[in-house]
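Asks: I need the structure of the sequence given here:
(chains A, B and C)
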Amino acid sequence: MPSNASPGNRLVRTGGRIRAWLSTPANLILLLFLILLLVLTLYPLITMLLEMFTVHIGREESLTGLNAGEMTLYHFQRLFATAKNNYSRNQFWTPLLNTMAVSVTSSLIAILFGGTVAFLVTRTDMKYKKFVSSVFVFPYIMPSWTLALFWETFFKNVNIGLKTSNGIMASVFGVYAPEWFVYGFFPIALVLGLHYAPFAYILIGGILRNMDANLEEAATILKTRRFRILFRITLPIVRPAMLSTFLLVFASSMSAYSVPVFLGSPVRYYVLSTKMKALMDGTKGQAYIMVGVMILFGAAILLLNQKVTGSRKQFTTVTGKSGQISRIRLGRANRPLALILVILLILVAVVPLFTFALESVIVKAGDYSLSNMTLDFWIGQNLQERLDQGDSTGILLNPKVWSALGFSLGLAAVCALVAGTSGILVGYGVARRRGTRMSNWVNALSFFPYLMPSLAFGAIYLSMSSRIPWLGGFLLLALTGSVKYLPFASRSGVNAMLQLSGEIEEAAVITGVPWYKRMARIIFPIQRSTFLSGYLLPLVSCMRELSLFVLIVPTSNTILTTMLMQYSEKGWAQFGNAINLLIILVVLIINFTVNKLTGASIDKGVGG
Amino acid sequence: MPEITLQHVTKRFGRFVAVDDLSLVIDNNAFITLLGPSGCGKTTTLRMIAGLEVPTEGRILIGDRVVFDADRGINLSPDKRDVGFLFQNYALWPHMTVWQNIAFGLENLKWDKARIRKRVTELLEMLRIEDFEKRYPSELSGGQQQRVAIARTLAPNPQVLFMDEPLSNLDAKLRTEMRTELKRLHRDTDSTFVYVTHDQLEAMTLSTRVCIMEDGHLRQYAPPLEMYSRPASLFVAGFMGNPPMNFLEAESDGQVLTFAGIRARFLPREGTVRTGKLVLGIRPEAVMITDHGPEARVWSTLPSGMETTVRLRLGDQTLTSVVFGNLDYAPDTLVRLQFGSPALLFDREQEGAKICEGSLEIL
Amino acid sequence: MRKLFSCLLVLCLLSVSCLALAEVKDDVEAAAALTHDELVEKAMAESGTLVVAGNTSRIANAAEDFAALYNITVESTNLKDQEIYEKLQSDVIDMVMIQDGANLLAYINKGVLLNYVPASVKDLVKENDQTPALVHQYINKLFIYNNLGDSVPAIRNVWELTDPAMKGRVIFKNPESEKVNMNFLVMLTSPQWCEKLEAAYEAWKGEKADLGDYENIGYKWIAEFLENVTFGKSDTTIAEEVSQETAGGTLGLFVLSKLRSSSVLTDNLTVAQYDASEKGYVLEPFAGFMYPMYSMVSANARRPYTAMLFIEYLMTQEGFAPWGKSIGAYASNTSIPEKEGDLPLSVWKDTLVMEDPVYISENRNDVEDFVQDHLN
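Replies: Numbers count the residues shown, from 1 in each chain, chains lettered A, B, ... in the order given. Below is the predicted model of the structure:
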């Protein structure tokens, strides 16, 4: 039959095909985002790639004997194969090993801790669930260094580290923690693990919550023992979620900077990100190679993740038909277990907040007597005359703080809106055309910004903007934030769409409901809470982001985080602590309000 | 009321061929069933006619309107094909009440308020779900959800109604009840029904014509009873009827068949018997337990009141007999058999095609 | 058509920006002779926001005062050196305050940053503070120790810091994380400082140093010093930590101006050089190190004259005030005295390791590689 097709006929045919193809909204969306993401993620990637081969102004010129701007392989040779002064070993191989150790361990800790809590909350009759589930995401809301700082101030003592002062553990309880416990590999991995444990909680909890209890019940009937059920039935089912957690935590831990600086520098424990930052100053080519190595690792795990979660069986529709989930009765272990968890959570999630509150009201460090306390740093006036330092007013009376707060909120809101909406669209396209090459591409590309270190990402966007006259100021900040946080939104978008059977939409297609109306009236309302989480995660992350924006902000007073950095730079610790607390509280309030109003919360994001 | 025509329709998902060169004419006002095991392409076919899936090749007409033509780049969207679609999982919108679910499509068609109200009320009555109009789908039982889904599908008076295994989520009793209602509905609405199922009983009982598919190919397209008595192939014969047709491995010399230690002359009414290995097919109800003929041993007996299914060992082969009335043989009882007609011969070498139809005369 | 148009547009933009670069350079050269009033006049003729960036948080205060004085808008950011360079190459900045002279040299040579010495202060600033880049102020990092307990490290000779008994009691910032610290170490390998270190060693041990495999005595000191050092994450933390009641026996090498922080318990700290000045002994051979903070005009400035006016302003008593109100900052403008209670710049220049950008940029490669091996 096709034999009689003349060339002209074929042309008509191809034209018709393209038209038909484009008339499907999912195809159009995928095409649009493919183009957008190619520009917005491949551009930075290619720029980074070029930087690895470029001679930069300064030290690199004298090292290579070349002029700035010329191309060279020198950076590779130097970073990977310089034996003199153990250069490669010290600058790359050892930090690489440390990074791997930290990232793998923190991922495991996150999965173990977050997964266990998710299991306890969703599958058992444990007490205080409500408290546990709402407080569990706190560590993620707080910048990761806050937990590191807390860990250090809590456990430090005169026998270890700087050997200069005792933290609460030593001064109040007389317990002197050993050095490995406070500095180096263990606490870095632990703090990062705790910080990212909410990912595991969200992802694994999502699956456990929706998992058909029949699966476990069937095994129970076959007289399988409890732990066997756990290992043979439950764990395999949550394995894709565990792998996703691994990917997210691994990639985040790998690029984490502040935590290893805080907890690693006193014992000379270096990871790739700390070395990368040091190399950036003067030896940028090598720094970008490190960035490349980190992206490669992330991409490898991403690929693995897609292999596993991409296969069909992982997304067998959750019917929710069984409804009744049999909760494991914990019996006598219930209360002790719940209490331990509550105390643990208070320690990692609530106590740090109090520490910041406390540090923001004392005048001289280390003196916690009432006479040393003041609310001046919050609401005081004429501070410059009275304290001979700091700003003239407490932060709540400082108009600059309020305008920065407003700007931060506005920026976060716009980023959340753009990223969140794009995430829904990407989710729609990817889920509807699942299995096609285009869908896989868009899905992978939309995750890529996650793998790129924030500082480098910000720098590249800044340089990109210099070529586009109208791109600058707020617009540039918003674009950078939106792209960087798209991965969160696209994750929740894809998950939400995969949970929704296609028939739900087709039922409306049949009666001719136009696409935008199907999105607005049917798809969004049904998956509202997951979609909203796709807005909330970028919002939260944006509010506490520093390194992504540090180069792009017009002034240091523009957003709260750069303002905070400036305060701590000046040594005005109390102002810094107060602002930090303010940021955390604002984010908590937003999360809480959105949760109350719409039922969405961070813990509904990413996962499903 | 239109006629639906499929011409050389093919659908490929990557390298996997879901539907292969399918041509089919669905008569006006028919109740057609697409029948086959899961993965045979029946749902894909249905979705292609409805416009929910885009065929790779071919042409589809509804009435004399071309709704799809790969060569000419025509692809009408589902809403322009004037069809209704009833989904397997009902696909009710969980955030809308029963009323809203039914009315939403009509609002979208820009019907005026009064007309919508009238039509929804009418449907609620027709499907006897008037009491639930303010409820949400999650507050309804499976059967009620099914009715709402039907009401929603019928609301815009579609000329053609597509149904994708609509009864598979219901329990046995409800299923029987809904079957009769669907058949009634077909008459009352005066429209064309295209129905997908893997349940041969549903196909038998509901449709005016059955289209049986396997691996993306059309195997037979005929009225159900014709398909039952004159299946075109081993596959069709095995799929239609419960308990299924007996298949006995037979050796033929052109006239006499040897199977399970029995020699029998095959008297063809249609077709010719070839020599060699063939498969002899006999419906269970054509295996009669009598007092003469070859001897068989009772393996087990399953009386169900109205009829009794008897499993028998004949030589080295097993076969099933269905006997009207209530019988109960003790296992291992020896009985004698007669074979009624039709007796069918299939040739595995021709993909199991039926080559001959006739009766047996035991020698 | 569209392609052609965008090509043309890019070309235009490129040529405009090249022109602009050249123009700024000419402007800066021309401005050298301008009086204050002429400069003001030219600056006021420019429009738009003045964008400044500095590796000092107090640039914000100066910028605010300046903005109020001339009724213009100024945007200021506080960034690290490397971030400033990053921003310079991809964004419009009018002027910068930057440290690490060695790195700066490369950017001056490339024409990215331009040197401007206001005519009004030309006679008040020492000549070597005028080239290759105008020094705005000097900052010092000093040996400062905790004066509590019975093992007070009241050092008189830097070799004491290499004593195994000091292991873990010396706190310093990781030289890789802030290049001025690295520059200090590089300077120690120069002939001038090797000589002094040798003399100090003999004074300490009474014998000539055994160099072993070390290239010179500077390397020896660096290696043995770093062996004893614990790295703190920032000068602020180091100051806070060394000042703790419980920190007896420790010594830090950090920015003197950190003593201004209310979170630092100043009473517990003794600045080694203050003690030496008071008691009349000499710290052998240095009491810490000192590096300049430079003020420069950016070659891509949109308001070059305003940038220069701001530099001129920063060089005045008024403009220096945000820094001058506490110890540890020393104006290059010789008419501005040090903060009361501090020592004058001239004394510091004699007792501290001064940064020599030219020496450092020529010699840093080997030393930095050597240093990084001793950070592990």
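Asks: check contacts around the nearest residue to residue A:42 once chain neighbours are set aside.
Replies: Among residues not flanking residue A:42 along the chain, residue A:445 sits closest, at 7.8 Å (C-beta to C-beta, 6 or more residues apart in numbering or on different chains). Every residue, glycine included, has its C-beta placed from N, CA and C. Shown in contact with residue A:445 (C-beta atoms under 8 Å, 6 or more residues apart in numbering or on different chains): A:33, A:34, A:37, A:38, A:41, A:42.
Asks: any idea how far residue B:327 is from the residue nearest to the fourth one when sequence neighbours are not counted?
Replies: This means residue A:38. Take residue A:38 and drop its neighbours on the chain: the residue closest to it by C-beta to C-beta, 6+ apart is residue A:445, 7.0 Å away. Distance of residue A:445 to residue B:327, computed by C-beta to C-beta, to the nearest Å: 70 Å.
Asks: Domain map for the chain?
Replies: You didn't pick a chain, so chain A it is. A:101-269+A:299-358, A:394-608 (automatic domain parsing).
Asks: that's the other chain; I wanted chain C
Replies: With automatic domain parsing as the reference, chain C has domains C:2-138+C:292-346, C:139-291+C:355-375.
Asks: could you pull out the helices for chain C?
Replies: Assignment of helices within chain C using DSSP state H yields the ranges C:2-31, C:36-45, C:59-70, C:81-90, C:101-109, C:179-187, C:191-205, C:217-228, C:235-242, C:272-279, C:304-314, C:317-324, C:345-351, C:357-373.
Asks: To residue A:60, which of those lies closest?
Replies: Of all the helices of chain C, helix C:101-109 sits nearest to residue A:60, with 9.2 Å by C-beta to C-beta.
Asks: follow-up on the earlier one: and the helices of chain C: which comes nearest residue A:482?
Replies: Nearest of these to residue A:482, taken as C-beta to C-beta: helix C:81-90 at 19.2 Å.
Asks: Roughly how far does the nearest residue to residue C:223 once chain neighbours are set aside sit from residue B:47?
Replies: Among residues not flanking residue C:223 along the chain, residue C:374 sits closest, at 5.3 Å (C-beta to C-beta, 6+ apart). Per C-beta to C-beta, residue C:374 is found 71 Å from residue B:47.
Asks: Checking my notes, the residue nearest to residue A:42 in a helix, right?
Replies: Yes. Under DSSP: H, G, I helix; E, B strand; the rest coil, residue A:445 falls within a helix.
Asks: Would you quantify the distance from it to residue B:145?
Replies: Distance, residue A:445 to residue B:145, using C-beta to C-beta: 39 Å.
Asks: ok, now residue A:380?
Replies: Residue A:380 sits 64 Å away from residue B:145, going by C-beta to C-beta.
Asks: between the host helix or strand of residue A:414 and helix C:59-70, how big is the angle?
Replies: Of the helices and strands defined by DSSP states H and E, residue A:414 is found in helix A:399-432. Angle of helix A:399-432 versus helix C:59-70, following axes from the mean of the first three to the mean of the last three C-alpha atoms, to 10 degrees, is 120 degrees.
Asks: Tell me where the model's unsure across the chain.
Replies: Went with chain A since none was named. A:1-13, A:16, A:210-226, A:308-327, A:365-366, A:384-390, A:600-608 (pLDDT under 70).
Asks: you looked at the wrong chain, it should be chain C
Replies: Residue ranges of chain C with pLDDT under 70: C:1-22.
Asks: ranges for the helices of the stretch 201-350 of chain B?
Replies: Under the criterion DSSP state H, counting those that start in this stretch, helices of the stretch 201-350 of chain B are mapped to B:224-229, B:234-239.
Asks: How much space separates the residue nearest the centre of chain A from chain C?
Replies: By C-alpha atoms, centre = their mean, chain A has its centre lying nearest to residue A:252, at 6.3 Å. Taking C-beta to the nearest C-beta, to the nearest Å as the measure, residue A:252 falls 21 Å from chain C.
Asks: Test my guess that that residue contacts residue A:198.
Replies: No. The pair residue A:252 / residue A:198 is not scored as a contact, 11.3 Å apart, by C-beta atoms under 8 Å.
Asks: Any residues of the stretch 1-150 of chain B in contact with chain A? List them.
Replies: B:8, B:13-14, B:50, B:52, B:54, B:57, B:70-75, B:77-80, B:83-85, B:87-89, B:91-95, B:104-106, B:108-109 (C-beta under 8 Å from any C-beta of the partner chain).
Asks: Keep only those of those that are in strands.
Replies: Of the residues of the stretch 1-150 of chain B next to chain A, the ones assigned to strands by DSSP state E are B:8, B:13, B:57, B:74, B:75, B:83, B:84, B:85.
Asks: for the fourth one, which residues make a bridge with it?
Replies: What that stands for is residue B:74. In this structure, residue B:74 bridges to residue B:69 when assessed by DSSP bridges.
Asks: Just checking stretch A:278-297 against chain C, any contact.
Replies: Yes. Judged by C-beta under 8 Å from any C-beta, stretch A:278-297 and chain C are in contact via A:278, A:280, A:281, A:282.
Asks: ok, how many other residues are close to the last one?
Replies: Using other C-beta atoms under 10 Å in any protein chain shown as the criterion, residue A:282 is surrounded by 26 other residues.
Asks: What sits closest to it if chain neighbours are left out?
Replies: In space, and not counting its chain neighbours, residue A:282 is closest to residue A:59: 4.2 Å by C-beta to C-beta, 6+ apart.
Asks: One more: the first one?
Replies: With sequence-adjacent residues excluded and distances taken as C-beta to C-beta, 6+ apart, residue A:278 is closest to residue C:176, at 3.9 Å.
Asks: how near is the one you found to residue C:231?
Replies: 9 Å.
Asks: again, but for residue A:161
Replies: In this view, residue A:161 and residue C:231 are 10 Å apart by C-beta to C-beta.
Asks: Please, where are all the helices along the stretch 351-500 of chain A?
Replies: Counting by DSSP H, counting those that start in this stretch, the helices of the stretch 351-500 of chain A are A:351-359, A:376-379, A:383-387, A:399-432, A:437-451, A:454-465, A:473-499.
Asks: follow-up on the earlier one: distance to chain C for the helices of the stretch 201-350 of chain B - can I get that in CSV?
Replies: Formatted as CSV, those follow (distance: least, C-beta to the nearest C-beta, whole Å):
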stretch, distance to chain C
helix B:224-229, 63
helix B:234-239, 60
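Asks: So for residue C:193, which of those sits nearest?
Replies: Proximity to residue C:193, assessed across the helices of the stretch 201-350 of chain B by C-beta to C-beta, is greatest for helix B:234-239 (95.1 Å).
Asks: Give me the residues contacting that closest one.
Replies: With C-beta under 8 Å, 6+ apart as the test, helix B:234-239 has contacts from B:35-37, B:200, B:212, B:214, B:219-220, B:227, B:231, B:244-245, B:247, B:279, B:281, B:344, B:346, B:348, B:352-354.
Asks: got the CA positions of that helix in PDB?
Replies: C-alpha atoms of helix B:234-239 as PDB (Å, rounded to 0.1, in the frame of the first residue of the first chain):
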ATOM      1  CA  LEU B 234      -7.900 -23.500  17.100                       C
ATOM      2  CA  PHE B 235      -7.400 -20.200  18.900                       C
ATOM      3  CA  VAL B 236     -11.000 -19.000  18.400                       C
ATOM      4  CA  ALA B 237     -12.400 -22.400  19.200                       C
ATOM      5  CA  GLY B 238     -10.400 -22.600  22.400                       C
ATOM      6  CA  PHE B 239     -11.300 -19.000  23.400                       C
END
